[in-house]
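> The sequence and its predicted three-dimensional model are supplied below.
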Amino acid sequence: MSELPPTTSLRRWLVTTNHKDVGIMYTITALFFLIFGGVMALLIRLQLWEPGAQILSGLAYNEAVTAHGLVMVFWFLSPLGFGLANYFVPLQIGADDLAFPRLNAVSYWLYVLSGVMFAISFFQGGTLSAGWTMYAPLNVPMYTPSIGSTGAILALAMFVASTTASTVNFLTSIHHSRAEGMGLMDMPMFTWSMLATVWMMLFAFAALLSVAVILLSDRVFGSLYFSATEGGSLLWGHLFWFFGHPEVYIVFFPALGVMLELFQTFSGRRLVGRKWAIIAICLISVQSFLVWMHHMFLTTINLEIKTLMMATTIGISLPFDLLVFALIYTLIKGRIQFTTPFLFALGALLLFILGGITGVFLGAIVLDYEFRGTYWVVAHFHYVMFGGATALFGGIYYWFPKVTGKMYDEFLGKVHFVVFFIGFNAVYFSMFLGWETPRRVFEYDPAFQTFHQIGTIGAFVLGGSFFIMFYNLAKSYLYGEEAGANPWDYTRTAEWAIPSPPPLENWDGRPSYASGKLEFVQDAVADGGHADGHGESHLDEYPYWDKHPSHASIWPFAFSVATLIFMIGLSGVRDSVSLSLGETLATTALSMSNPVYPVFAAVGPILMVWTAVRWGTEDFYAPPTAIAERWPFHGIEKVKLGMWFFLASDVIVFGAFISAAVFIRVNAGWMNWGPITEPLPGLINTFVLLTSSFTVILALVFARRENAKGLLASLGATILLSFTFLGIKAWEWHHEVYDKGVTLTQNPHGDPIQASIYYVTTGLHGFHVVIGVLIAGYLFVRAARGYYREDQRPLEYFGLYWHFVDIVWIFLFPLFYLF
Amino acid sequence: MIESLILQVADEWRAQSAVFDEIFFVFLALGTLVGTIVVSYTLYNAYKYRDDGSDPDEKFDPPVLGELPTGQGGPKAKKLFLSFGLSAIVVISLVVYAYGLLLYVEEGPATDVEEDIEITVEGYQFGWEFQYPDEGVTTQNTLRVPQDKVVQLRVTSRDVWHNFGVSELRIKSDAIPGEYSETWFSGQAHLEEPLEPGETETYTAECFELCGSGHSYMKADVIIMHEEDYQDWYDEQLADAEGEDTEGDG
């Protein structure tokens, strides 16, 4: 553990794990990506100034369209919401920090470096040009061959890794660290929206991760998923939109949460129908996973399923109706203050109403048949997603005094809003008027030229409006008036009860709502005991309970840099290494044309492992919240809870892989395929894995009995059994390749795609086993040095992971060896 | 009004464009109405209850810092459910209405299928190939059809995902490798006046799914012809195709 340097030092920002620092970095980085994506948008708008203009070539235009979509959706919208959430969710729930501060820092660094990776992809022969929806098979190297295309998808995968980490972190924090007396229903609405957001993210981003990994396997290793005519294109559509529809709400909900807060603060009224608004939010979160096929009404899905999806789609608009009405009625009989934040929140509501109404049009299948692929869709989702983001700018103005301690300039803020609102509607309403223009086309019908020109002018006005905000915030930060702790009249939430900016550890005393309102309790001695039945103490179990909390670690940053190196390496491996398959392994040759990429790809993982080990052995103390509300996960310790959340997302990852295997096989004709492997090695491997699960349990038992030899023996047995598993696996693959001629792309006995599915799915499982071996090796060395006698939890958590990997095998075995 | 619209069309052929225009009009009218009411109501109340600096009246009970959040109940909650119910009725009736017409669009007009022309549309980077019923008769980037037949299109792709759409005819279908999606149109139903011999009507087909660098230019002409002109043209194509076949055999 190192001390946290002051904010004026650059080192501070590289090592900080404090949620407020990370929140500030998230917000500023997201605004940077707003400019990045905005420049792309302006290039598009310039090209649309007249039909067939050639400022960019056809391919460059497609790259701009793709980069604009990806950057805005992934690197701007979500992270802006997460910037605010990082800063304010812990404050709103009365926590000292997020549950896993270093994990939070790694989320940020993976996020910003994945953005760097994406920017690099422009210089690797051009970035991806397949649209942000990346429809298959345009997304495979045969049609988008540049290294940068692979780089862009690797950047996306890296971004997903970042969101997975923050999802686990937020879920654990909100479910584990709420102040005493704050039940789930008592949480502020912004926190509620974020909770719903991260629950959706847990499952949606897992689906995106698996689809990105499958695509990368196609692009880097050459498997055949998305070029397969046995449903490869539709597989992409289903998996992508299973993520893609919840994603709409994932980017909208943080903004909704800001709206719900700001409407209350600036009207001096409490939310109307609060309970029902929360129920609506939960309903939307669940239902968001049941509407995805409305993006695919024109594919070959049959009428019954389309009708069902139409019903669920229309159904999901109803809870939104309720939320909109709840917001409107909250204003009535209030004392509404038209401050800049409120103007943005109100503007967001108006824009969202328009986005919602035009969305109902799209829900009607007959209309959707015509709107598909046109500017109607473009206009609609900008009104919903960017309209929502309007509230996030309101959030920035609202919380700016809290973060900086200075008041922003109200006049400039209002000017920003007016210019923004006019520009916004000029760009996107003109799209409704010229809706018959196909998307992503610059050679359009001259009849629509006027609309597109209005749009282009509006886009520059809209883009320019942000410079008013940047100027305002920079000037106010330097010369603004002191804002004081609570500059607004009708705030409710805990962040306004502490100084601006808040101190490093947030609270003076322990925040508690036990009496029904916020109080700061001075616990006499942190003896860990607490008998009022509200919280549960883990302090007794902690050997280091009197230590001071840590706020600094360089390893999240170092690990992220290592990941970036690995990703850069992976992007070009396929172009610089060629494998020529011989008759046997000995005659198989590997030739290398350009050593840079392969070296990066080899060094990256080594650095990742090294930094991860340093991370693991670092003396870093994030104190468990001793007294907290944890419903519904009352008895579960913090790290274990995080582990469960992570495993839940991993279930979706494997679920998507298995679904992909089943989907392709059904499309190819289920009975046309038999297993390409012999059952015996698979059966042996099943027993090997199950036995290794048993030895992990033994390890835990020995550790609890403080039996060092037993602990080392059973951990060692686990490692040996894993190597046995991997050895049999290697023999099996060798047998398939050299005796039967079944490779990733060739299958003499049937469809080649079957071979791809076999290698990729069992390969993903094998990768999980390898990670397990690495962790087990780490535990073994640590156990040999005398750890885990007093605190066996790391063993237990590894056990959870290991059992999960075994359970997955139970599903893979019949799928690939028996049927 | 809605019922009468459905009754009118019961046993008459309607082009997809007519069906679309009707639903679009109904949605647009209701959408504009609802949108105007909701937005005006919001703005009116935001203005009416603005903070004008006067002293708050006694009943004003603002939230205070640090309270556990509660909601507002009472008459406002009732109003919330009333407006929710109303919006639900509007939305659901719109969908039920649109669903009736969806069934028509999916089925196509009740003609004798034997009489229809079935044409396969194959998208490729970057153009459209049209395959006519007789083997070997294909055209590139021009689809000619007689006005008196219902044209059934089976749309697929040779390489990447495209989308075949003709805006004026209001037809659209995904072109996916390995899949065949279907749509239909009929010159007779779409045209206001039947064509005389020698007359044609031309529409533009475009690609509506990003498919690569030539996406913007991926267009085709859809030409509706008088049935006799079509027959002459088709016979010529057929003769050419057979000629090529014999050459190939020789």
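Here it is on my side, so go on.
> care to break chain A down by domain?
A:1-244+A:521-553+A:618-667, A:673-819 (automatic domain parsing).
> Not counting sequence-adjacent ones, nearest residue to the residue in the stretch 201-350 of chain A that chain B sits nearest to?
Residue of the stretch 201-350 of chain A nearest chain B, by CB to the nearest CB: A:Arg274 (2.7 Å). In this view, the C-beta of every residue, glycine as well, is placed from N, C-alpha and C. In this structure, A:Arg274 finds its nearest non-sequential neighbour in B:Gly71, 2.7 Å apart by CB to CB, 6 or more residues apart in numbering or on different chains.
> For that neighbour, which residues are in contact?
Neighbour list for B:Gly71: A:Arg270, A:Leu271, A:Val272, A:Gly273, A:Arg274, A:Lys275, A:Ala277, B:Ala77 [criterion: CB atoms under 8 Å, 6 or more residues apart in numbering or on different chains].
> mind listing what the fifth one touches?
Applying CB under 8 Å, 6+ apart to A:Arg274 gives the contacts A:Met189, A:Ala326, B:Pro69, B:Thr70, B:Gly71, B:Gln72.
> 7 Å instead, please
By CB atoms under 7 Å, 6 or more residues apart in numbering or on different chains, the contact list for A:Arg274 reads B:Pro69, B:Thr70, B:Gly71.
> confidence score at it?
If you check A:Arg274, the pLDDT there is 95.
> any idea how far A:Phe263 is from it?
Separation of A:Arg274 from A:Phe263 (CB to CB, to the nearest Å): 12 Å.
> Mind jotting down where the strands sit in chain A?
Taking DSSP state E as the criterion, chain A carries its strands at A:510-512, A:519-521, A:577-580, A:589-592.
> oh sorry, the question was meant for chain B
Using DSSP E, strands in chain B cover B:117-124, B:127-131, B:138-140, B:142-146, B:150-157, B:162-166, B:171-175, B:181-186, B:200-207, B:219-225.
> Among the ones you listed, which comes closest to A:Gly516?
strand B:171-175 (57.5 Å; CB to CB).
> What is the closest one packed up against?
With contacts defined as 3 or more CB pairs under 7 Å, 6 or more residues apart in numbering or on different chains; DSSP states H and E, strand B:171-175 has these neighbours: strand B:150-157, strand B:162-166, strand B:181-186.
> buried stuff in stretch A:629-640?
The neighbour-count check on stretch A:629-640 (16 or more other CB atoms under 10 Å in any protein chain shown) flags A:Glu629, A:Arg630, A:Phe633, A:Ile636, A:Glu637, A:Lys638, A:Val639, A:Lys640 as buried.
> Now tabulate the contacts of B:Gly71 in CSV and tack on distance to A:Gly334.
Shown next, in CSV, are those (distance: CB to CB, whole Å):
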residue, distance to A:Gly334
A:Arg270, 10
A:Leu271, 11
A:Val272, 11
A:Gly273, 15
A:Arg274, 15
A:Lys275, 20
A:Ala277, 17
B:Ala77, 16
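> What's the ChimeraX syntax to select whichever of these are buried?
Filtering the contacts of B:Gly71 down to the buried ones (16+ other CB under 10 Å) takes a single ChimeraX command:
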select /A:270,271,272,273,274,277 /B:77
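> Give me the subset of the contacts of B:Gly71 lying in helices.
A:Arg274, A:Lys275, A:Ala277, B:Ala77 (DSSP state H).
> Between which two of these is the distance greatest?
For the ones in helices among the contacts of B:Gly71, the farthest-apart pair by CB to CB is A:Ala277 and B:Ala77; their separation is 10.9 Å.
> Residue 226: what's it in contact with?
All of this is about chain A. For A:Phe226, counting by CB under 7 Å, 6+ apart, the contacting residues are A:Ala136, A:Pro137, A:Asn139, A:Val140, A:Leu215, A:Asp218, A:Gly232, A:Trp236.
> oops, I was thinking of chain B
By CB under 7 Å, 6+ apart, the contact list for B:His226 reads B:Gln147, B:Leu195, B:Glu196, B:Pro197, B:Gly198, B:Glu199.
> and the nearest residue to the fourth one once chain neighbours are set aside, what pLDDT?
Pointing back at B:Pro197 there. Sequence neighbours aside, B:His226 is the residue nearest to B:Pro197 in space, at 4.6 Å (criterion: CB to CB, 6+ apart). B:His226 is assigned a pLDDT of 95 by the prediction.
> next one: the one 5 residues further on
According to the per-residue confidence, B:Gln231 scores 95 in pLDDT.
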